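Asks: curious how this folds, go ahead:
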Amino acid sequence: MEWIMRIITVVYGFLWGDLIVLPLPGGGTLGLSLLVLLLIPAGIYFTITTRFLPVRLFPEMLRVTREKRIDSSQNAISGVQALIISTATRVGMGNLVGVVAAISAGGAGAVFWMWITALIGSSTAFAEGTLAQIYKEKDPLYGGYRGGPAYYIHHYILVKKRVRKKGRKSLLAILFALSGLICWCGISQVISNSVSSSFYNAFSIPPLYSTISFVILAAVIVLRKNTTVKVLDVLVPIMAGFYLLITLFIIVKNIGLLPGVFQQIFQEAFGLRQVVAGGFGAVLMNGVKRGLFSNEAGSGSAPCAAAAAEISHPAKEGLLQAFGVFIDTIVICSCTAMIMLLAPADLVSGLTGMDLLQTAMEYHLGGFGGIFIAVILWLFSFSTFIGILFYARPNVAYLFGDNWLSQTGYKLVTLVMLFVGGLAAYTFVWDLGDIGVGLMTIFNMLILLPMSKEAIESLRDYEQQKKS
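Replies: Next up, the predicted model:
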């Protein structure tokens, strides 16, 4: 067991640790991990090749969300429903605890770099969402469509090389699908542990009771054939809207402090104080890493939902997925940042994680604040869990074929992980989840970059059709 733990630690350090360390003025350093080195340049490349899509086509993103759904295929979901599913998994614990951790370690300036990361990540999300649509296929089990990185990787490696052998699979696509299934099992444990802890802190409910309730409710939904989308259709707009409304109430209540908060964000993002003190690297990298981890652009998760949509043009789903990054980071993560930064600094000094966020909310909303955070964390976590099981469908099918045994078996495994995680925190399993998402990102980006020309051509075709 010890050697397995050692391997996990080494791989985790290789993916998320500082691969390159650059010296900065004032004696500080800037540590760059492998995933940062991969995703940030790729995001800049996609932003340039799409001619600054996040800014230029933002009005078009909003317009596409209002389009009527196409319903020609049985059980197919709409483009907006695919956006809702991907938003359910993006908007999770990272939008609460992760933002708190980024600001605690990097200061208010980390928020600015989260915003920048989201802008360039939107272009990456467009590329992978569009490719998922181009290479989707019919789903014989659930109806509608399925796809994602495993499928466009398969096409690129085998179809373009004219490999005709029936049943032949791409090793890289297999590795992506396996990494995804490992990642989502790890996330299941993190989700339930956070929920049981927050319910114990807010309501003194023993973890066993809250975990059993969580698992039963999740099982009722995910073990039924096509309940996931219906639940998320209702749950995601309510939870995101409610969190936004509460944040707007807090902002209005503290409107006089708002200019000072924005001044603090921009001063600490570029300020001389951080550079001289050697802390600029922490400000920059905490914002960048939190932005990358939260919006998931490039990891290959969201395309598993994007491929399921029935929509009139692949680029439309790409635009919707780009909009999903905006919702996650620019809206939801910013809400958490405002809740923190509008609380008195001396009140939250020395606190970390959920304790910090709950203290800030109790300052703004009294006793209701701690209860609200516990409930909103439950909603975010629950929607994430049922969303990742939607992601798992096409990957299980790619690995094991079209059969209910493998689909149900994976769901039961994640439900067991959900139960175990609610009772105890196994950090090596959490690291395994981080390793899974890191490997997914590498396997996805290896093919996304050479295939990106097809996504760019799809965008050009869509814009030409719009003009004519």
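Asks: in this structure, which spans are strands?
Replies: Remark: strands assigned in the chain by DSSP state E are 20-23, 29-32, 137-138, 145-146.
Asks: pick out the residue nearest the middle of this structure.
Replies: Arg90 (3.1 Å; CA atoms, centre = their mean).
Asks: show me the contacts for that residue.
Replies: Remark: with contacts taken as CB atoms under 8 Å, 6 or more residues apart in numbering, Arg90 is in contact with Ser294, Asn295, Glu296, Ala302, Gly324, Val325, Ile327, Asp328. C-beta: built from backbone N, CA, C; applies to glycine.
Asks: same check on Leu83?
Replies: Leu83 neighbours (CB under 8 Å, 6+ apart): Thr65, Ala305, Leu320, Gln321, Phe323, Gly324.
Asks: count the neighbours of the closest residue to the fourth one other than its chain neighbours for me.
Replies: Leaving aside its chain neighbours, Gln321 sits nearest to Gly129 (3.3 Å; criterion: CB to CB, 6 or more residues apart in numbering). Neighbour count for Gly129, taken as other CB atoms under 10 Å: 32.
Asks: one more: the one 4 residues further on?
Replies: Around Gln133 there are 29 other residues, counting by other CB under 10 Å.
Asks: do Ile84 as well
Replies: By other CB under 10 Å, the residues close to Ile84 number 25.
Asks: likewise Ala219?
Replies: Ala219: 15 surrounding residues under other CB under 10 Å.
Asks: against Thr414, how distant is it?
Replies: Ala219 is 10 Å from Thr414, where distance means CB to CB, to the nearest Å.
Asks: thought the residue nearest to Gln321 was touching Ala322?
Replies: Yes - under the criterion of CB atoms under 8 Å, Gly129 makes contact with Ala322 at 7.3 Å.
Asks: follow-up on the earlier one: put together TSV for the contacts of Arg90, with distance to Met361, neighbour count and pLDDT on each row.
Replies: Below are those laid out as TSV (distance: CB to CB, whole Å; neighbours: other CB atoms under 10 Å; pLDDT from 0 to 100):
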residue	distance to Met361	neighbour count	pLDDT
Ser294	19	26	68
Asn295	24	30	71
Glu296	26	25	77
Ala302	29	31	89
Gly324	26	30	90
Val325	26	29	88
Ile327	21	21	87
Asp328	20	28	83
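Asks: show me just the buried residues among the contacts of Leu83.
Replies: Buried subset of the contacts of Leu83 (neighbour count, 16 or more other CB atoms under 10 Å): Ala305, Leu320, Gln321, Phe323, Gly324.
Asks: farthest pair in these?
Replies: Ala305 and Phe323 (13.3 Å; CB to CB).
Asks: now the helices for the stretch 101-250 of the chain?
Replies: 109-134, 149-154, 171-203, 207-222, 228-253 (DSSP state H, counting those that start in this stretch).
Asks: could I get those helices as a markdown table with mean pLDDT and distance to Gly31?
Replies: A markdown table is the format used below for the helices of the stretch 101-250 of the chain (pLDDT from 0 to 100; distance: least, CB to CB, whole Å):
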| stretch | mean pLDDT | distance to Gly31 |
| --- | --- | --- |
| helix 109-134 | 89 | 14 |
| helix 149-154 | 93 | 28 |
| helix 171-203 | 84 | 23 |
| helix 207-222 | 87 | 35 |
| helix 228-253 | 87 | 32 |
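Asks: of all the ones you listed, which one is nearest Met5?
Replies: Here helix 171-203 is closest among these (CB to CB), at 14.4 Å.
Asks: what angle separates that closest one from helix 207-222?
Replies: 130 degrees (axes from the mean of the first three to the mean of the last three CA atoms, to 10 degrees).
Asks: burial count for Phe400?
Replies: Phe400 has 14 neighbours, counted by other CB under 10 Å.
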